[in-house]
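Asks: After the sequence you'll find the predicted model.
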2 protein chains.
Amino acid sequence: MSYTPINHKIIKALTKIVGDSNIFTDQEAIYKYSKDETEDLHYFPDIVLKPKNVKDIAAIMKFCNEHLIPVTPRGGGTGLSGGALPVFGGVVLALERLDKIIEIDERNLQATVEPGVITEEFMDAVADKGLLYPVDPSSKGSCFIGGNIAHGSGGPRVVKYGTIREYVLNLEVVLPNGDIIWTGANTLKYASGYNLTQLMIGSEGTLGIVTKIVLKLVPQPLHNILLMASFPTNEDACAAVSAIFRAGITPSALEFMERKGIEWVIEHDGINFEMNPKAKAFLMIEVDGANMEMLFADCETINQELEHFNCIEVLFADSSAQKEELWKIRRTMAVSVKSNSVYKEEDTVVPRAELPKLIEGIKEIGMLYGFDSVCYGHAGDGNLHINIIKGNMSDEDWKNKLKDGITEIFKLTVKLGGTISGEHGIGLVQKEYMKIKYSEINLNLMRGIKNVFDENNILNPGKIF
Amino acid sequence: MSYTPINHKIIKALTKIVGDSNIFTDQEAIYKYSKDETEDLHYFPDIVLKPKNVKDIAAIMKFCNEHLIPVTPRGGGTGLSGGALPVFGGVVLALERLDKIIEIDERNLQATVEPGVITEEFMDAVADKGLLYPVDPSSKGSCFIGGNIAHGSGGPRVVKYGTIREYVLNLEVVLPNGDIIWTGANTLKYASGYNLTQLMIGSEGTLGIVTKIVLKLVPQPLHNILLMASFPTNEDACAAVSAIFRAGITPSALEFMERKGIEWVIEHDGINFEMNPKAKAFLMIEVDGANMEMLFADCETINQELEHFNCIEVLFADSSAQKEELWKIRRTMAVSVKSNSVYKEEDTVVPRAELPKLIEGIKEIGMLYGFDSVCYGHAGDGNLHINIIKGNMSDEDWKNKLKDGITEIFKLTVKLGGTISGEHGIGLVQKEYMKIKYSEINLNLMRGIKNVFDENNILNPGKIF
C-alpha cells in the first residue's frame, strides 16, 4: 500500500475542515504526537488535527480515504504498545477536544461521553452522584475513555467488576470511509446480529474512530478494606491468589508486587513504607461492599488462607490517607521502574492458578538470557506486568538476546493457557509475537475483518497484525 | 447462491465421515430437525448428521464447503427465532453427541465443555462443587450451552451476573471451510487483537461451529431471598424496577409478569397461586449473597421503594419449595401462553427506566391493530418478552396487520434506546425487522464479516441479514 505524500493542497483541504487553529504541522507542535508511553519510540506525523466533533471527523476520514492518507487516532497518549504511533506518517487525529461528559443518566445508570474525557474525571463525576465506573487503569489521571476502549482496558478492579468490555453499551463510530454508525443499543443485553460494539473494543483504533460512548454504571459500594500482605517468595504470594477465590471471596482488587518494585517506588517517590527484611513479594487485597461486618468476615477468611502460604504479615490500612498511600505505591510503580533503568514492559495474562508457574518461569528465562525483571500486576485476573530491566546488560545483548527471551516468556504464557496481552494491547511493538499465540488462520480472519472496515488500510495502519 | 442438490454420492461421502448410524435421511427421523420452538415453522433438511467430535465436524465442513452444500448447526432446538431451521435444506448438523463436560477446573474457577451439554446439567455439576454458572434461560432443562453462545443467552440472573458474554473465555471453532481455531485464551482479560470470541457469541451459528467452550465460574452465593410484589398497573410495576437500582440494590433476579400470564400458568399447570383481585402486574425479586442479615436489609430497602409505586402486597417465599413454585410460574409462562392461543413472541429490550413507556406503548399499539398481548420478562435488564395473542383476530388480520403492529412496537423500542432482541436472536423470523434498528451501513459490515468467515455462504444461510 502506498500512501499519498502530504502536500499543500491536502493541508489546505484539511484546514478547511477543522479551521486554522486546529491543524499543526510544525515540528515543535507535533513532537508530542510522535510518541506515547511505549519505551523510547518516535514516529512523526506530517499533520496533527484536533477536530471538535463527529462531523469534522467524518469529513476528515472521507477526505483521507479518498486521497489515501494514513490516519492514526490518538487518545491520552498513555499507551504501552505503540498503538497511537503514526508509523506511516500522515495525519494524527487527536481526540482531546471531544472531551464532554454529555449525560449522566441516573434513571438508567448510564452515561454518554465523548472519547476525549479523562477516565478519572469521569469516575469523579459519577462518584459525585453515588455511582461507580470501575475501569481505572494506572494512567487514569491522563488516559482517555476512548483509548481505554481501543485497548479493552482493565485496571485493578477488573477482578470484581470486569473490564471496560462489560461497561460499554453502545458506540458512535466514524468508519474509515467517513460513514457514521451506532454499533448497538443502549441496553444491558443485546442479541441483534453480530456485536459490532464488542468488535470495536480492543480493536486499537484500526476499525473506526469512536466519537460517542454509552457506558453502564453501577452503585458505589459504601465501604472497603485494604490490606497488604507480605510473603517470603513470589511463588507463595502468587499461589495465595487463587486460594482466596477458592475460599469464596471475590476481592475488589488483588494486586501483586515484587519487593524490588516497591523499593524503586520508595526511592523514586519518597514514599514511606517499611518492609520486613524477609518479605520478597506483596499482595494488595481490597474488599468492598455495603456492610463493614461482612467485609471484616471476608478479611478473616482471607487471613486464614494467606497463612497457608507462609504469609509474613498483614497490614490493614486504617485511614483513607493510608489507603491512598498504598494505592500510590502500586499506581506509580510503572513510572518508578521506568525512571530507574532502560526497560521493556510485557503484559502477560494466564489463568489465575498458573501465576506461580509463570513467575517462576520468567525468572528462569531471565537467568538464561541474562536479564533481571520486576513484576507486578493484577494477580486476581492472572495478569502480570513484566518489566524487563536492562541493568548491566550490554547494548548488543539488549538488542539481540532480549527478543529471544521475550519469545520464551510468551511461549510459556501460551503454554499455561494465557496470551500476549491482557490489557495493554498489541499495537506496534507486540505484533511480532502474535504468531506465538495465533495461527495464520486466526490472523487472516482479523485481516479480513480489517479489510471489511477499511479496504484502503488508511486507519491506524501497521498495527496488531 | 445456488447450492448443490443432495445426491447419492454426497450421502455416501458424508456417511463415510460420521458412520452409518449417525446419518439420517428418512422423513420420520428428520422431522424433529425441521422445527425449533419458533411458532409453527417447518423446514426440512435433506440430511441430519450427528458427528461425535471436532475431527468429524471439520471433515463435514470441508466437504460441504467444497461441494456447496448448506449446513445448519443445531443445539437443543429451543430457539425462538428460527435460527436452527435449515431454510435451504441440505445438512442439519446436530451437536447432541458432543455432550461432555470435559473439565471443571476448581483451581482456576473455569470449566471446559462441549457444545451439546445441557445448560442445567452443567449448572448442577458445578453447583456440586460449590460453584455457580449463572446463565440459565427458561429452557435450561433442554437447551445446549452451544446454542446459548449462538444467541448470547441471558436468563433471569443477568441483572446481577451478566449474560453468557461475560462467562465465555475461549472457544474452539470449526470454520465453514473446515479449518479449526481457538478464538482466544483461557484468561479473564484479553487485549490481543480483534476479539473473535466475542464476535462468535451471538453470531447464531453463521460464522463457525463451536466445538469446545471454556467458561468462567463464580462462587455459589450462600443465601437468597425471593419475593413477589403485586401492583395495580403494569406501569407501576415497571416504574418500580429502576427505583430499586437507584436505591443501590442489585437484585440477582428482577422479573416482571402480567396477571394474565400468571392466570394462564395456573390454568395450564395447575399451580396454586392466589392473586389479589386488584393486582394487575407482578415483580419477582431475588437478592443473593453471603449474609442473611444483609439480604434482609436489602429487602427492607426494596420494600420501601415498592411502596412509592402503589405496591399492593409483597409475598416472601418462606421455603425452598415455595421459591421453586414461584420460579415455576415464571419459567413455564412461555409454554402456558403458547398452549392457550396462536401467538407471536417478540423480545424487546430498552434501557431499564424506559420500561413503563414501552409497555404502555405496546398496549396502545395493540388497541390500534386489534391484538391483545401478554408481557413478561427480565425487567431488571429492560428486557420484555411480548407474547402477541391471536385470540379472536381473524386469520387475515393475523396475517396482514400483525407485521405492521410489530413494526410499530420495534419502532417504539428503538426510539426508547433499545433494540429488537435482547436474548432470543434474529434468526429467520426477525430479520425483516433489522432495518428498523440498523442502517444498511451496519448490515453491510455484518455481511462483510460473514463473507470473511464463509465466502460460499454455506453455514446457516438465510439468517440475521
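Replies: Yep, that arrived.

Asks: State the distance spanning the first to the last residue of stretch A:63-70.
Replies: Across stretch A:63-70, the terminal residues are separated by 11 Å (Cα to Cα, to the nearest Å).

Asks: distance of the residue lying closest to residue A:84 once chain neighbours are set aside from residue A:180?
Replies: Once flanking residues are discounted, residue A:84 sits nearest to residue A:74: 4.4 Å by Cβ to Cβ, 6 or more residues apart in numbering or on different chains. For every residue, glycine as well, the C-beta is placed using N, CA and C. Distance, residue A:74 to residue A:180, by Cβ to Cβ, to the nearest Å: 20 Å.

Asks: more neighbours, these two?
Replies: Applying other Cβ atoms under 10 Å in any protein chain shown to residue A:74 and residue A:180 shows that residue A:74 carries more neighbours, namely 29 against 19.

Asks: What is the subsequent helix or strand relative to the helix or strand bottoming out on mean pLDDT in chain A?
Replies: When each helix and strand of chain A is scored by mean pLDDT, DSSP states H and E, helix A:333-340 comes last, with a mean of 87. Remark: after helix A:333-340, the chain's next helix or strand is strand A:343-349, criterion DSSP states H and E.

Asks: Give me the buried positions along the host helix or strand of residue A:326.
Replies: Assigned by DSSP H and E, residue A:326 belongs to helix A:320-331. By neighbour count on 16 or more other Cβ atoms under 10 Å in any protein chain shown, the buried set for helix A:320-331 is A:323, A:326-327, A:329-331.

Asks: the domain parsing of chain A - what is it?
Replies: A:101-219, A:221-425 (automatic domain parsing).

Asks: can I get those in a markdown table with distance to chain B?
Replies: A markdown table is the format used below for those (distance: least, Cβ to the nearest Cβ, whole Å):
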| stretch | distance to chain B |
| --- | --- |
| domain A:101-219 | 4 |
| domain A:221-425 | 4 |
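
Asks: if you compare these, which one is most tucked away?
Replies: When you average the neighbours per residue for each of the domains of chain A (mean count of other Cβ atoms under 10 Å in any protein chain shown), domain A:101-219 leads with a mean of 23.

Asks: could you dump the buried residues of helix A:320-331 to a markdown table with distance to residue A:242 and pLDDT?
Replies: As requested, these are exported to a markdown table (distance: Cβ to Cβ, whole Å; pLDDT from 0 to 100):
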| residue | distance to residue A:242 | pLDDT |
| --- | --- | --- |
| A:323 | 25 | 96 |
| A:326 | 22 | 95 |
| A:327 | 23 | 95 |
| A:329 | 23 | 95 |
| A:330 | 20 | 94 |
| A:331 | 24 | 92 |
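
Asks: where does chain A have low pLDDT?
Replies: For chain A, the stretches with pLDDT under 70 are A:1.

Asks: Other residues contacting the helix holding residue A:326?
Replies: Under the contact criterion Cβ atoms under 8 Å, 6 or more residues apart in numbering or on different chains, helix A:320-331 has outside partners A:138, A:156, A:224, A:226, A:228, A:255, A:257, A:262, A:265, A:269, A:271-273, A:284, A:317, A:376.

Asks: Filter the residues you listed down to the ones in helices?
Replies: In helices, defined here by DSSP state H, the members of those are A:262, A:265, A:269.

Asks: Redo those as CSV? Include distance to residue B:345.
Replies: As requested, those are arranged in CSV below (distance: Cβ to Cβ, whole Å):
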residue, distance to residue B:345
A:262, 58
A:265, 58
A:269, 60
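
Asks: returning to what we had before: chain center to the helix holding residue A:326, what's the gap?
Replies: 20 Å (Cα atoms, centre = their mean, to the nearest Å).

Asks: again, but for stretch A:300-311
Replies: Centroid separation between stretch A:300-311 and its chain, computed with Cα atoms, centre = their mean, is 30 Å.

Asks: what comes into contact with it?
Replies: A:227, A:229-233, A:236-237, A:239-240, A:243-244, A:247-249, A:251, A:283, A:285, A:287, A:314.

Asks: Quick check: closest non-adjacent residue to residue A:158.
Replies: Among residues not flanking residue A:158 along the chain, residue A:381 sits closest, at 5.3 Å (Cβ to Cβ, 6+ apart).

Asks: Pull the contacting residues for that neighbour.
Replies: By Cβ under 8 Å, 6+ apart, the neighbours of residue A:381 are A:154, A:158-159, A:349, A:352, A:422, B:187-189.

Asks: what do you get if the cut-off is 7 Å, keeping everything else the same?
Replies: Contacts for residue A:381 (Cβ atoms under 7 Å, 6 or more residues apart in numbering or on different chains) come out as A:154, A:158-159, A:349, A:422, B:188-189.

Asks: Distance of the nearest residue to residue A:422 once chain neighbours are set aside relative to residue B:133?
Replies: Sequence neighbours aside, residue A:349 is the residue nearest to residue A:422 in space, at 3.2 Å (criterion: Cβ to Cβ, 6+ apart). Applying Cβ to Cβ, the value for residue A:349 to residue B:133 is 22 Å.

Asks: swap in residue A:69?
Replies: Residue A:69 is 49 Å from residue B:133, by Cβ to Cβ.

Asks: Next: residue A:177.
Replies: Counting by Cβ to Cβ, the separation of residue A:177 from residue B:133 is 42 Å.

Asks: Quickly find the element holding the closest residue to residue A:161 other than its chain neighbours.
Replies: With Cβ to Cβ, 6+ apart as the criterion, residue A:161 has its nearest non-adjacent residue at 3.9 Å, and that residue is residue A:134. Using DSSP H and E, residue A:134 is not contained in any helix or strand.
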